[in-house]
Structure formats: structure tokens, C-alpha cells
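*Asks:* The following comprises the amino acid sequence and a computationally predicted model.
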Amino acid sequence: MYRDRLTGRRVSTPPLTGTLVGRWVLDANTGEVFMNSAAAAAGEFLVPERSGHWHVLTGEGERQSGTVARAHAPEDLEAESVRTIGGRLDELTEAGATWLEWIDVVPLVPGISEQVDLLSLERLIQDQRNFGALKTICWKPRAHLHVEIERAPVSKARRVPAAAASYLAAHTEDWDRPLLRGILPKRILAEVRHDQVDIYENRVAARLLDNLGACLNRRIQLLRRLLKVFQEKEDYSSSIGGTYQRERRMSQLWGESIDANEGRRKAEVALKELEALKYRLMGLLGSPLYEEVPRRAHIATTLKTTNVLANDQHYRRVAELWREWARTGAGRTQSPAEVHAEAQRLSRGLDAFAMLLAVRALDTLGYEPSDGALAESIARGTALRVQGHGLELTLSWHSDGTIGVGVGERELAIVALTANLSAGGDDRVRESLRRIRTALDERDNRDLLVLFLASDEGQASTEVELLASLHTVGNDPRHALAGVGCLPVSPWELGSAERVARALRWFLSSARFLDYPLRVVVPEGARDLIDLREHARWIASVDGGATLELRTPPHDYEWGALDVESIARTAEANLQVAIADHQRLTDELRDAVRRGKTGSLVRQKHDAHEEVLRCERIAKASNDLVEQLRGAHARAIALLECPTCGRTADPTRDFQPRDRGSFRCECSGCGTTWGTRLCGDGHRYATMLPSGDFVNAAQQGPGWEDRVYGCDILALPARRSDGQWGFVCPECGRVG
């Protein structure tokens, strides 16, 4: 009934407690299903109600219920931004957008420049006439005269009702003393008049204060988040704690979206105005009107048109503010079907956002579609051929929303979860990590990258080791989630694309570097077709000629001197000669049969046929050898490409083969070094270091590598026991 996106398997029932939102989707073979009182279709996500519970009812009457950790729910601001950018990407998908159109989309909150402007409601509150009217009402509200019959001391009684005498006659405790002609009362029933402030119009004003305060709080939170994004831009642009290459990419990203300096200035001004407005509103919470109106007094969103709200010069401005607030939709209660639809939009939007991050990450790393795939659209259920650095990739967007980046027989599965895995306390984080770890053990393919919706805010209380498990690409065995990539992403985080690019670089480039020294298996029958004595500098024959080993990338003239094309041409020419000789003998044998004198022609034809078969085997083997040599040459030349600036290194001066199958290469332009090295336990792993030197980062909290290096590293930098910098072995965790 469900498909587990983490394991890729079908199950009948997901876990009933602590369900991770975004992990489970309804299977395509599911019949009529209702989820949370709303009709659900195949492919929809298992999502909860607002209460954190989910309910599924099948057409056969089977009912399933479970709970979701409410602490994992993303913030409203995060969720709405994902829905917004997901809606924009859905429009691209429906329009059949291609690769070039996708990489033009900036993976940040859409409309940042517009969000720093004051809204119409905020401008109305700022208007002195409106705020003055609200202030006047709060401190001098209208009131209805309310008369109550109470027992009051005689000295305070001003108006006595008709029933006062009969009541006094029956209550002797209210007598002061009897007189000869009557009694002298001590207390008597009297009409006491009160001003009743709790009227409908004043309830409207009191609830308006609450509603406006909530709106201002949300907007202040939004502007503070925007200022944080602008501050991150300045941090990326500074020379402290980051590389030049990463700063350049961040600046380019911002250049595609907004002027950071102008945006920050406008956001600071708007934030200052809204905070001042909020404090002015808070000053009205101690007014007589707000204190007299009960806190639980409810007012419907649609106002009643009373004489006071329509005609009073102050109250009609309050009504105008209320109607403008109502137009924002903040007070509208969503139906269960609408809540379900919003949750589905969130999960689908995060999948589309993850696809955008993958596309932009591949573009950043220098991969692009082949010429024939440039015109193909990107949509769910499709695959795109991508190439670069001597590799042929397949970028797949599966129908369940998961993303696959395949090369050869390996595929990295990218799964996006709307559950904020970093929230809810340390115990809940451990439980979430345990479930992901268990899912990895159940997968046939162990290459997995989990993206979850969260920002870097509000995580200071979580243990450092747990946060490190939530900021990994799977190459750090020092924490609990070794072997699994797990990264936070958000349209509010500038580094989201950098994180995904770092994960893809590790998956693609580490395997490419570890393929060195490049080996070519020589097919049987082609071992004598190539003479390597003149090419000993860069290629050698091992295993008795069964394998060719490219020990260093060749120069262009060295590759040309090998002339692999001549191998196939010579073999093809020999095959054509053998075929022609066989055909000639066939014709001669046919004539000899007519004359009755075949002689030795039968034997000659048999030998010619065997020669044709031998030449065909050699031709096929030579073609296979040539294709393998071409592929190995392309991968070898790709080893010379600087992963930072793209410059091609010199194969003699910059490329250095090392012991036990390792190498080191250095870019003469930007100074970046890359290659493979061995740890103390003999594990070989890939490394990369921009500018050829470590950045002396003062703070090394979880995710510091992304903030400093971005995607320009492979194995993680770390300090050794002697205080010097080294790399973390992805196999054993040893720093060397």
C-alpha cells in the first residue's frame, strides 16, 4: 500500500509512531483511499493533520492511524517558502522546461526584493489617523449603561426600585433597628448603574489588537530572516573563514537574485518601522478596553455592520483595519481537505526544490546534458543524460519524487524529507538517525543522500556529534550516520546548493579519482596489436599483456603517436583481405566442381574460412580495445582538469604518480591540489584542496566545511593530534 522512499521497497504499514513526513507515498496500485478525511490518489505523501495524527481509510474499510512527531514540523515561514518555489517549478515542469531554463532559477526564496516592502495593512496601521482612532477607542471606549439591582448601604442608594419595601420586610438582617412607625434600614435594594465596556464593537477592537500583533510578529520574523540572509552574503564576501572560489559562486548567486546592499538597507528600515509599530500596539494592551474585554471573546472574521462601526469616526477606522486584516486570509480556518492539499504541496515542492539543487549542483561541478538531451524537458518520471569530466551520467527524477544520479552501475539516491530532523531534542534526533541508518541497511543500493527541510537556526542546544551527523555527505565515519549523506536545505539558506554540490562531488569525483591508475583489459586476440615500447612514460603492459595501465595522462602528441585508430583500420583491412581471398577461392571451387577437378581447393577454402573467422575475432577485439583506450584516455585527461577553475594541468610538470596507485596534481593557475592518498591503515581516498592550502578556520562546528570550503573539497579537512591540518579517512576516520 505504501512505498518507502528511503529503502525503495513496498510495505503494507509504515511505523505508527514517529512517522517521518516525506518518507512514505501511496503506492500506484492502491485503490480508493481517504487520507485525513480527504480523497487521496496514488503517489501522494503520507501526511498528518494539524494535530500530528494521520488516518488512512481504504475502499475495503481497512483503517490505519499513526502519529508524527510534531516537533519535526517545519516552521511556517520555511514551509510557505518551499510551497512558493515549488509552485514556480511546477509551472516550469508543465511548460516542458529544459535544463537551461532550470539552471536560471535561483534556489532562494522567490521575490526577496518585494518582501522587504511594507504591506498595505502595515501602511494602514502606520497611518496616524487609524492608529490614533484605535488608541482613542482603547483608552476611552464607548460603553452601554447597565443597571443592576443590588443590596447597597442606605447612604449609597440613589434610586430605589418598587420591590425594595417588600424585600426589606422579608430580610430582617438588613435592618438597623425598628422604629415606632416602621424600621430604620441598614441596607436596601438599589439600582446601581455600570458602564458596560464588553460590547461587540469593543470586542472587535480588542481582538484586532491581538490579530495585528500576530501579523506584525510574523512579518518581523520574516524580515529578521531576510537580514540574516543578507548578513550571510557579507560573511561569504569577507576574506575571513572562506575560500575565494566559494565567495565568487555566492556573489554570482546573489547577482542573479537581488542587490544585497540595497536589500539589506530596505529590510533594516522596514524592520525598524515594524518593531516601533509593534511596541506602540503593545502599549495598548494595558488600556481599559483590552482589560475589560474577556480574552476568549471570539469575533467572526466577517464583521456585523452596526451603527457604531459604520458611523462613529473612530470605530469605522477600526472596522477598516479589521477588513484589511481579513483580506490577508490570516483569520481563515482551513478545512481538512485544504490542510491535506497544503501538506501535499509542501512535500512535492520540497522534491522539486531538491531537483533544482541537484541540477544547479551538477552545473556548478561542470556537468551538462549531451547535445541531444539539451532539448529534453525535466519532469517527474523522466531521465536526462548528462556528461562531463569523462563521465556519462543519468539524472533521473522518479515518479515518487526521489532523484537518482547514476554513473556506470552506481546510483546516488536523493530523498527529500519535510521533517525537520534537527528539532525535537537529542533523543528524538537520535531516533530519527537510527531509522535512517536502518533504512540504509535495508537498501539494495547503499548510496543515499537525505535532504531535510530546516535552517541552521535554533540548533545550538543539540549535541555537536548529532549535528555533525546532520551535516555530512557520508564520508565521515566518526559519527553515527557514517556512510549516509544527510544535509539540511532551505530556500532561506544560501549554502543549500553548495551542500548538495559537495555531496555530488564526493559521489562522482572520488570514484573517478580512485579509478586511477586507469586500466584497460586487452581482449583476447588483440594483445599483439599494439607496441608500447615507445610509450613507456605514460602507459605500460601488466599481467603478461592482459591489461594496459595508464600511469599518467598523455600529452596530445603522445596520444597521437599511439595512433589507436590504425589498430582498428589494420584489423579491418586484414579482415577485408581475408574475406576477398575466401570469396576468390569460393568462385574457383565452384568452377572446379563443374569440371570435376577440385584438387586442393576444398582445403584452401576451409583454411580461408578459418582465416576470416580469425580476422573477425581480431577486428572485434581491436574495436573493443580502441573503445576502451578512448574511454581511458578521456578519463585520464579529465584527471588533469582543475576541479576549481577548470584549467588543464600539464601531464609532465603538474601530475605526479605516487606509490601504491596514488597520484597528486596541482593547478598552475589557482594552486588547487587534488589526487588520492593513503591513510595510516592503508586505505586509499580522494582529496581536494582549493588554493593548495588549508583554511585556518577558527570555528569548526557542525557544517563548518560547507561554510568555509563549500563544494571545493572531497575528504574532510581536520586537525591532527599535533595541531596540524590533515584529511579524515572516509574508511576508518583517521586524520592524516
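*Replies:* Okay, I see it.
*Asks:* Tell me the helix or strand right after the strand or helix carrying Y279.
*Replies:* Assigning secondary structure by DSSP states H and E places Y279 in helix 260-282. Using DSSP H and E, the helix or strand that follows helix 260-282 in sequence is helix 288-292.
*Asks:* Show me what that following helix packs onto, helices and strands only.
*Replies:* The contact analysis (3 or more Cβ pairs under 8 Å, 6 or more residues apart in numbering; DSSP states H and E) places helix 288-292 against helix 128-139, helix 200-237. In this view, the C-beta of every residue, glycine as well, is placed from N, C-alpha and C.
*Asks:* Please give the centre-to-centre distance between the shortest one and its chain.
*Replies:* Remark: helix 128-139 is offset 45 Å from the chain centroid, using Cα atoms, centre = their mean, to the nearest Å.
*Asks:* Now the helix holding Y279: buried residues?
*Replies:* For helix 260-282, the buried set under the neighbour-count rule, 16 or more other Cβ atoms under 10 Å, comprises A260, G263, R264, K266, A267, A270, L271, L274, L277, K278, L281.
*Asks:* relative orientation of that helix and helix 128-139 in degrees?
*Replies:* With axes from the mean of the first three to the mean of the last three Cα atoms, to 10 degrees defining the directions, helix 260-282 sits at 30 degrees from helix 128-139.
*Asks:* Need the residues that contact helix 260-282.
*Replies:* Counting by Cβ atoms under 8 Å, 6 or more residues apart in numbering, helix 260-282 makes contact with 112-113, 116-118, 122, 125-126, 131, 209, 212-213, 216-217, 219-220, 223-224, 226-227, 230-231, 233-234, 254, all of which sit outside it.
*Asks:* and those residues, which are buried?
*Replies:* Buried by 16+ other Cβ under 10 Å: 112, 116, 118, 122, 125, 131, 209, 212-213, 216, 219-220, 223, 226-227, 230, 233, 254, out of the contacts of helix 260-282.
*Asks:* how does the protein divide into domains?
*Replies:* 72-81+336-514, 120-140+199-327, 144-196, 518-638, 655-727 (automatic domain parsing).
*Asks:* who's E392 bridged to?
*Replies:* E392 forms beta bridges with Q387, as assigned by DSSP bridges.
*Asks:* you'd agree it is up against R385?
*Replies:* Yes - between E392 and R385 a contact is recorded at 6.9 Å, counting by Cβ atoms under 8 Å.
*Asks:* Nearest to A592 among the buried residues of helix 260-282?
*Replies:* A260 (91.0 Å; Cβ to Cβ).
*Asks:* I'd like to know which helix or strand in the protein has the lowest mean pLDDT.
*Replies:* Of all regular secondary-structure elements in the chain, judged by mean pLDDT, DSSP states H and E, the least confident is helix 244-255 with a mean of 69.
*Asks:* I'd like the domains of the chain written out as CSV, with distance to Y2 added.
*Replies:* Shown next, in CSV, are those (distance: least, Cβ to Cβ, whole Å):
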stretch, distance to Y2
domain 72-81+336-514, 10
domain 120-140+199-327, 35
domain 144-196, 58
domain 518-638, 41
domain 655-727, 32
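*Asks:* Most tightly packed of these?
*Replies:* Each of the domains of the chain was given a mean neighbour count from mean count of other Cβ atoms under 10 Å, and the largest, a mean of 20, is that of domain 72-81+336-514.
*Asks:* Without its sequence neighbours, what residue ends up closest to the residue positioned nearest the centre of the chain?
*Replies:* The central residue of the chain, meaning the one whose C-alpha is nearest the mean C-alpha position (Cα atoms, centre = their mean), is V489 at 3.8 Å. With Cβ to Cβ, 6 or more residues apart in numbering as the measure, S496 is the residue that lies nearest to V489, at 4.2 Å, once sequence neighbours are left out.
*Asks:* Hmm, the one you found is touching S490, no?
*Replies:* Yes - taking Cβ under 8 Å as the contact criterion, S496 and S490 are neighbours in contact, 6.1 Å apart.
*Asks:* A helix includes E534, no?
*Replies:* Yes - remark: E534 belongs to a helix, assigned using DSSP: H, G, I helix; E, B strand; the rest coil.
*Asks:* if I look at it, how far off is V564?
*Replies:* Separation of E534 from V564 (Cβ to Cβ, to the nearest Å): 14 Å.
*Asks:* same thing with R265?
*Replies:* From R265 across to V564, the span is 62 Å (Cβ to Cβ).
*Asks:* so what's the residue of the chain most remote from its centre scoring on pLDDT?
*Replies:* The C-alpha centroid of the chain is most remote from L180, which lies 94.5 Å away (Cα atoms, centre = their mean). Predicted confidence (pLDDT) at L180: the value is 77.
*Asks:* Many thanks, I have nothing further to ask.
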